[in-house]
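A.B. asks: Sharing a model prediction with you, sequence too.
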Amino acid sequence: MIRLCKYKILCMFLSVVFLTTNKQRACAQQNINDTILTYAVIYNGDTIEAKTLPALGLYSRLTAQQMRDRAKWTRLRNAVYVTYPYARRAGAVMNDINAHLVIINSKEERKKYIQTREKELKKEFTDPLTNLSIYQGKVLMKLINRQTGNNCYEIIKEYKGAFTARFYQTVAFFFSSNLKQPYDKSGEDAEMEKIVQEVERMYGYRG
């Protein structure tokens, strides 16, 4: 009888040990499979999970004024992209003409040289420039001023005389333009200057 009781007690003990061991193994296996490694920071003694949240884009409708400003800027940007190559080329030719005129003393020779270069400019620029709008023409005059340091009135006066310059200035006035308009890259033409720098970076232009 005593032996039977001892046998039962031993069986019960082994059963408890077996169940406990299996439960611990199951828990350990479950913990391994359910563990997710993540970054954490310690803040005021507490360990807090650290996450980088994705960017959240917020959008809203543009106001009427913003739409007008955007359209104005887009128009200016398009005009600069169209006219800047012509301004660079014209500026290079004019600077070259000025460099040659310095060493020509004869008035007759200066006039002959200017006429020769004028034909060259007309041949190169007549067709593309006639396709420009009035607004693009205004931008072109600004950019020529930027490239040469002289406004278009001064250039015409130098090459064609004061009377011709005044005539073209009158024509420009009727088209709401001005041959004497300066180029102020840090003032009213700051936006145009930014676009010019954008064009120079994009196409690799150098001064």
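C.D. replies: Arrived safely, thanks for sending.
A.B. asks: any idea how far stretch 54-66 is from the chain center?
C.D. replies: Its chain's C-alpha centre and that of stretch 54-66 lie 19 Å apart, by C-alpha atoms, centre = their mean, to the nearest Å.
A.B. asks: gap between the two ends of that stretch?
C.D. replies: End-to-end distance for stretch 54-66: 29 Å, by C-alpha to C-alpha, to the nearest Å.
A.B. asks: who's in contact with it?
C.D. replies: residue 70 (C-beta atoms under 8 Å, 6 or more residues apart in numbering). Any C-beta I mention is one placed from the backbone N, CA and C, and that applies to glycine too.
A.B. asks: again, only using 10 Å
C.D. replies: Contact with stretch 54-66 is made by 67-70, as judged by C-beta atoms under 10 Å, 6 or more residues apart in numbering.
A.B. asks: number of nearby residues for the spatially closest residue to residue 77 that is not a sequence neighbour?
C.D. replies: Once flanking residues are discounted, residue 77 sits nearest to residue 195: 5.1 Å by C-beta to C-beta, 6 or more residues apart in numbering. By other C-beta atoms under 10 Å, 19 other residues sit near residue 195.
A.B. asks: hey, where'd the helices end up in this protein?
C.D. replies: Along the chain, the stretches classed as helices by DSSP state H are 2-34, 64-101, 107-130, 134-148, 152-160, 162-174, 190-203.
A.B. asks: The fifth one vs helix 134-148, what angle?
C.D. replies: Yep, that's helix 152-160 we're talking about. 70 degrees (axes from the mean of the first three to the mean of the last three C-alpha atoms, to 10 degrees).
A.B. asks: mind checking pLDDT for residue 28?
C.D. replies: Turning to residue 28, the model gives it a pLDDT of 46.
A.B. asks: and if you look at residue 205?
C.D. replies: At residue 205, the model reports a pLDDT of 78.
A.B. asks: So what's the residue count around it?
C.D. replies: Look at residue 205: counted by other C-beta under 10 Å, it has 13 neighbours.
A.B. asks: Do I have it right that it meets residue 91?
C.D. replies: No: the pair residue 205 and residue 91 fails to qualify as a contact (C-beta atoms under 10 Å) at a distance of 11.6 Å.
A.B. asks: what's near enough to touch the residue nearest to residue 77?
C.D. replies: Going by C-beta under 10 Å, 6+ apart, residue 195 touches 73, 76-81, 84, 139, 189.
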